[in-house]
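Peer 1: when you get a sec, could you give me coordinates for this:
(one chain, ligands or ions: 1)
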Amino acid sequence: MASELHIRSHDPIDEISPDVYGHFAEHLGRCIYGGIWVGEDDDQVATEDGIRMDTIELLQDLDMPVLRWPGGCFADDYHWEDGIGPREERPTRRNAFWTQGREEIPEDPNTFGTDEFMQVCDLLDTEPYLAVNVGNGTPAEGADWAEYCNYDGGTELAELREENGSEEPHDVKYWGVGNESWGCGGRFSPEEYAEQYRRHATYLRSVNAMLSDVDMELVAVGHIGEDWNRDFLRELRNCSEWVEGPYDLMEHMSVHRYYEAGGDTDFDDDQYYRLLARSRLVAQDIDNTVDALSTYARESDISIIVDEWGVWHPEATNTNGLEQENTVRDAISAAGVFDDFHARADVVSMANIAQTVNVLQCLVQTNEEEAWTTPTYQVFDLYKDHMGGTALRTVVDTDNEEVEDEPFDVPIVSASASEQDGEVYVTLSNRDPDDAEEVEIDLDLEDASVAGAEVLFDDQGVREYSTPDNAEEFEAADLDVDQTGDSTFVVDAPAGSVVGLTISE
Ligand code: AHR
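Peer 2: Okay, the predicted model is just below:
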């Protein structure tokens, strides 16, 4: 049976926040050091003030909307003042969270700090998103960082930033209050995090209110555990008048979700589908968090951020700096997660894949001389036309692959659609690793016609991954689509592929 896709242009969901296509880069392994920053003395790749330009140029093509930094677990042991001023005077510190199992304690030379990060954001034309240290930092430290970044003159910290070469404020809008406070970020109970959150957020807000033109937006980092977010929100509500008025302390609540199902490149069909089934947990986490907010913050319009997500294979360990190969399977799972984000465009305001370069489900990999793209990069590239579009309700009628002991099946076809500037953009994946799938699409519009279609991974199997020599073979190729009626189309989606289709109204 062919799959069917019914796109309801008269049933819009909401604008797809461009920030859903955001990134996350931590001081971990070779993400920052080696992947983004090599220093001014490196003579193997072109650099701008020490920033690796081959990586930057690949990322520039993605129109990255937002970049979260410096962690991750690293954020809750990071003292931002270590990373400003003349580089040769900055202290080398241990990188506390990525030491387990390693023979040498990883050190952080602090040569990449706030002003270097802002330079990367400028090169990428992307919004910075900073995570403040709640684990072993103080509210004053966080507020000082906000003042250093955002205050436009007058105070010692604003002048320090100017002396350090950044005359204009960095205007940082997004501030995460800690990271995984239930784990590496301090092992707080939900009640303890509520107390910490209240203190840190209050002082970050004071910078917003008194010293800066930027409307800072604060993010509480939640948990995927059943009751954690509820307990945190209940406590925060009980211990302050935070829902209304001046004590309104949060714009976003975030969750993190990683998933795996065995080997990065060596997996059987059961593991293939199992990973896709588990990727659906991201949507479940969003729905649970919305549920908790509707109980404890009914009056607010707090939105959801998934500020760490992606595949974390067993091969990625502390000893190798969380590096793994990323196959077509992983890229297909990312396409399905984006479809789930679009279906929740009314509540999801941002998402940040973990992590941008070299670490976990990265988009760019590097060696000393080259940078190249992964299959997941190609999905981001294909999907970027959804950014800022209005998500349209999309009903998919397709077979389901059942996976034993998993809470979710895997629909063979996953899809989403959005409308922007008189065009409807449709993305769909055929997750069957062996057989092509015919997909019949109908749109409730008159006289719609195909303006173009592209396909990813037509020539690759789901176990393949990119190397410096073959990365370009994973790029999108043109695809023929049959127009079968007024606003009906048929796509023959190759086995294990992702398709992007533009329809003109
Ligand atoms: O992305 C790797 C780590 O995963 C992050 O540092 C932490 O927040 C999460 O547990």
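Peer 1: got a list of contacts for the lengthiest helix in the chain?
Peer 2: Counting by DSSP state H, the longest helix found in the chain is helix 190-211. Contacts with helix 190-211, where a contact means CB atoms under 8 Å, 6 or more residues apart in numbering, come from 132, 134, 139-140, 142-143, 146-147, 150-151, 155, 175, 177-178, 181-182, 186, 188, 214-216, 218, 220, 223, 227-233, 235-236, 239-240, 242, 247, 249-250. From N, CA and C alone the C-beta is placed, and that goes for glycine too.
Peer 1: neighbouring strands - and their directions - for the helix or strand following that helix?
Peer 2: Later in the chain than helix 190-211, the nearest helix or strand by DSSP states H and E is strand 217-221. In the sheet, strand 217-221 lines up against strand 174-177 (parallel), strand 252-259 (parallel) (DSSP bridges).
Peer 1: just to revisit the earlier point, what angle do the longest helix of the chain and strand 217-221 make?
Peer 2: 170 degrees (axes from the mean of the first three to the mean of the last three CA atoms, to 10 degrees).
Peer 1: alpha carbons of helix 190-211, as PDB, please.
Peer 2: Output of helix 190-211 as PDB, limited to C-alpha atoms (Å, rounded to 0.1, in the frame of the first residue of the first chain):
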ATOM      1  CA  PRO A 190      13.700  20.000  42.200                       C
ATOM      2  CA  GLU A 191      13.000  22.000  45.300                       C
ATOM      3  CA  GLU A 192      16.600  23.000  45.700                       C
ATOM      4  CA  TYR A 193      16.800  24.000  42.000                       C
ATOM      5  CA  ALA A 194      13.700  26.100  42.500                       C
ATOM      6  CA  GLU A 195      15.500  28.000  45.300                       C
ATOM      7  CA  GLN A 196      18.700  28.400  43.200                       C
ATOM      8  CA  TYR A 197      16.700  29.300  40.100                       C
ATOM      9  CA  ARG A 198      14.800  32.100  42.000                       C
ATOM     10  CA  ARG A 199      18.100  33.600  43.200                       C
ATOM     11  CA  HIS A 200      20.000  33.400  40.000                       C
ATOM     12  CA  ALA A 201      17.100  34.500  37.800                       C
ATOM     13  CA  THR A 202      16.200  37.400  40.100                       C
ATOM     14  CA  TYR A 203      19.700  38.900  39.700                       C
ATOM     15  CA  LEU A 204      19.900  38.200  36.000                       C
ATOM     16  CA  ARG A 205      16.600  40.000  35.700                       C
ATOM     17  CA  SER A 206      18.000  43.000  37.600                       C
ATOM     18  CA  VAL A 207      20.500  43.500  34.800                       C
ATOM     19  CA  ASN A 208      17.800  43.300  32.200                       C
ATOM     20  CA  ALA A 209      15.600  45.800  34.100                       C
ATOM     21  CA  MET A 210      18.200  48.400  35.000                       C
ATOM     22  CA  LEU A 211      21.200  48.300  32.700                       C
END
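Peer 1: gap between the two ends of stretch 59-71?
Peer 2: One end of stretch 59-71 sits 19 Å from the other (CA to CA, to the nearest Å).
Peer 1: and residue 300, how close does it get to residue 293?
Peer 2: Separation of residue 300 from residue 293 (CB to CB, to the nearest Å): 7 Å.
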